[in-house]
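Chemist: I'd like to go over a predicted model; first the sequence, then the structure.
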Amino acid sequence: MESILLELHNTDENDFFSDLNVSCMVIQHRVLKECNHLAATLFHLGEKKEWEGKLIDDVLSGHSLAHAIIQIVEQASCHTSTVSSIWDEDYTYYIQAKKMNNEHILIAIQDRTFEKKYEQLLLQKMQLESVSHMAAGVAHELRNPLSVIQGFIQLSNITQNFSRYYDTILSEISRMNQIIEDFLSISRKKVEKKYLKPADLLDSIKALIQSECLLHGINFDYKLHSNDGYLYVNESMIKQVMLNLLRNTIEAYEKETKNRYFRLHAGKDESDKFIMLVEDNGPGMSENVIASLGHPFYTTKESGTGIGIPMCKKIIKEHNGEFLIDSILNKGTKITIELPLSN
């Protein structure tokens, strides 16, 4: 290895070291010993006689990467190798340091700004395609209630009896509002969160679910086990998830189904995660339906929007949690929600 370093000192800029497509520097005791053409260009070092043998603190002074380079040199002095990534709005660099046998430290700096911007452009393209797909789906979903409203208004004009169709029209308008609200929930970016005790969060959800279950003749089975720690959540969005699951259960039950129940059991598991199990004995779903549920606007309901489950998954993902579906046809469905706990 020492012979390689010696060769770096004795060869010119046309050698292998100079022709590397990454910026490279050799440092010993914070003194710059060697650097290739890319590194000299990156740090505006000028001719070799202007920087050779000088402290990197002085040579790199004022450069945006100076602090990161000095820090990684200090880390490499204590370890065999170290890696760091530096980025802001204008640039992205990948820096790697390797300590040699004779206290020399080899620094390699790869400029990944172009790759990062390309990734961002590709992500924006995917987001635009996703928004376009979602907008088309929402437009399609809104067309149905609009057609119903138009038809009943025309009918009421013919019959001169608007009050007869008032409830139906109002119901369709409410359905349109729900479609738009679900769409906005999916596209919403900023989520304001706060620390809540699991018991406080579940108590507020419990009150809402109890009243809904009572109204629809569904037995509500609720248990809260060990719940130490805090959840960092947006309370209204977690409520939205639970109420959406309840609404799915209510709509899935057939009229003749007996002993209907909605089960919510929650508590901390062995890995210090807060688990919420939501279960019903409804008609369940086939494996093909479960596989398609994550796709926006996919629904098995005549009046469904297909936005509910993707919205729930997105909300839980934004809370660094997991949303799992387990269902057996004609047996029922179980949803498992895992959320991180904080001390």
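Modeler: Sure thing, it's come through.
Chemist: remind me, longest strand of the protein?
Modeler: Counting by DSSP state E, the longest strand found in the chain is strand 332-342.
Chemist: and it, what does it pack against?
Modeler: When contacts are defined as 3 or more Cβ pairs under 8 Å, 6 or more residues apart in numbering; DSSP states H and E, strand 332-342 sits against strand 230-233, helix 235-252, strand 273-280, strand 322-328. Heads up, the C-betas are built off the backbone N, CA and C, glycines and all.
Chemist: which one, of the ones you listed, ends up nearest to residue 53?
Modeler: For residue 53, the closest of the helices and strands packed on strand 332-342 is strand 230-233, at 51.9 Å, according to Cβ to Cβ.
Chemist: ok now the closest one, how far from the chain's centre?
Modeler: Its chain's C-alpha centre and that of strand 230-233 lie 17 Å apart, by Cα atoms, centre = their mean, to the nearest Å.
Chemist: show me where the stretch 151-300 of the chain has its strands.
Modeler: Here the stretch 151-300 of the chain has its strands, by DSSP state E, counting those that start in this stretch, at 194-196, 219-224, 230-233, 261-268, 273-280.
Chemist: need those strands in JSON lines (columns: distance to residue 116, mean neighbour count and mean pLDDT).
Modeler: As requested, the strands of the stretch 151-300 of the chain are exported to JSON lines (distance: least, Cβ to Cβ, whole Å; neighbours: other Cβ atoms under 10 Å; pLDDT from 0 to 100):
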{"stretch": "strand 194-196", "distance to residue 116": "33", "mean neighbour count": "12", "mean pLDDT": "90"}
{"stretch": "strand 219-224", "distance to residue 116": "45", "mean neighbour count": "14", "mean pLDDT": "90"}
{"stretch": "strand 230-233", "distance to residue 116": "29", "mean neighbour count": "20", "mean pLDDT": "91"}
{"stretch": "strand 261-268", "distance to residue 116": "39", "mean neighbour count": "18", "mean pLDDT": "90"}
{"stretch": "strand 273-280", "distance to residue 116": "33", "mean neighbour count": "20", "mean pLDDT": "91"}
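Chemist: what's the closest of these to residue 331?
Modeler: Closest to residue 331 of the strands of the stretch 151-300 of the chain, according to Cβ to Cβ: strand 273-280, at 10.1 Å.
Chemist: partner strands of that closest one, parallel or antiparallel?
Modeler: As defined by DSSP bridges, the strand partners of strand 273-280 come to strand 261-268 (antiparallel), strand 332-342 (antiparallel).
Chemist: what residues of the last one count as buried?
Modeler: This points to strand 332-342. Along strand 332-342, these residues count as buried under the neighbour rule (16 or more other Cβ atoms under 10 Å): 332-335, 337-341.
Chemist: could you check the angle helix 235-252 makes with it?
Modeler: What separates the directions of strand 332-342 and helix 235-252 is an angle of 170 degrees, with axes from the mean of the first three to the mean of the last three Cα atoms, to 10 degrees.
Chemist: off-centre distance for strand 332-342?
Modeler: Mean-position distance between strand 332-342 and its chain equals 17 Å (Cα atoms, centre = their mean).
Chemist: repeat that for stretch 165-177.
Modeler: 35 Å.
Chemist: restricting to C-alpha, output it in CSV.
Modeler: Provided in CSV are the C-alpha atoms of stretch 165-177 (Å, rounded to 0.1, in the frame of the first residue of the first chain):
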residue,chain,number,x,y,z
TYR,A,165,-86.6,13.6,-4.8
TYR,A,166,-85.0,15.9,-2.3
ASP,A,167,-83.5,13.1,0.0
THR,A,168,-82.0,11.2,-3.0
ILE,A,169,-80.4,14.4,-4.4
LEU,A,170,-79.0,15.4,-1.0
SER,A,171,-77.6,11.9,-0.6
GLU,A,172,-75.8,12.0,-3.9
ILE,A,173,-74.3,15.4,-3.0
SER,A,174,-73.1,14.0,0.2
ARG,A,175,-71.5,11.1,-1.7
MET,A,176,-69.7,13.6,-4.0
ASN,A,177,-68.4,15.5,-1.0
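Chemist: would you mark the buried spots in it?
Modeler: 165, 169, 172, 175-176.
Chemist: quick one: residues in contact with it.
Modeler: Under the criterion Cβ atoms under 8 Å, 6 or more residues apart in numbering, residues 142, 145-146, 148-149, 152-153, 155-156, 303 lie in contact with stretch 165-177.
Chemist: do stretch 240-250 as well
Modeler: Against stretch 240-250 from outside (Cβ under 8 Å, 6+ apart): 185, 205, 208-209, 212-213, 216, 218, 262, 264, 276, 278, 280, 282, 308-309, 311-312, 315-316, 333, 335, 337.
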